[in-house]
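1. Here is my input, please return the structure:
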Amino acid sequence: MIPPPGVSHKFVEVCKLQKVLYGLKQAHRAWFQKFSTRFISLGSVACNHDSALFVRKTNTGRILLTLYVDDMIIIGDDLDGIASFKTALSHHFSMKYLGVLCYSLGIEVASPTSPYPSS
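-> As a prediction, the model looks like this:
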């Protein structure tokens, strides 16, 4: 890495990054750490069997949240809890609702609200 203009350095010196830069090998690990820390602070518990799965128990049910790269799937039987959880997350992350889940990782998902009939 070449230091920015105006920063004096010797040829044998290296720069130590204070933040992870997008595109580096460490970027995905730092992103996941930031996300998982926020999930846990909102009352979720990381699953012991899958590090990308988080469970949040509420008074009326459970909310499951899973991450795949930069996509998030939130499912559960507590619709009010899901709405408040999404609102809390949107204060910290830029999020976009893509509609009812129909396909994920090549798997067709059928639900009572799915616009597609099961085959």
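
2. Phe11 should be in a strand, yeah?
-> No - using DSSP: H, G, I helix; E, B strand; the rest coil, the assignment for Phe11 is coil, not a strand.

3. Report pLDDT for it.
-> pLDDT, Phe11: 75.

4. Lys57 now?
-> Listed pLDDT for Lys57 reads 91.

5. Quick check: beta-bridge partners of it?
-> With DSSP bridges as the criterion, Lys57 is bridged to Arg62.

6. i'd like the first residue to be 37 from this point on
-> Taking 37 as the first residue, the last one we looked at is Lys93.

7. Verify the assumption that Lys70 is located in a strand.
-> No - counting by three-state DSSP, one finds Lys70 to be helix, located in no strand.

8. Count residues in the vicinity of it, would you?
-> Other residues near Lys70 come to 13 when the count uses other CB atoms under 10 Å. In this view, the C-beta of every residue, glycine as well, is placed from N, C-alpha and C.

9. what's the spacing between it and His128?
-> 9 Å (CB to CB, to the nearest Å).
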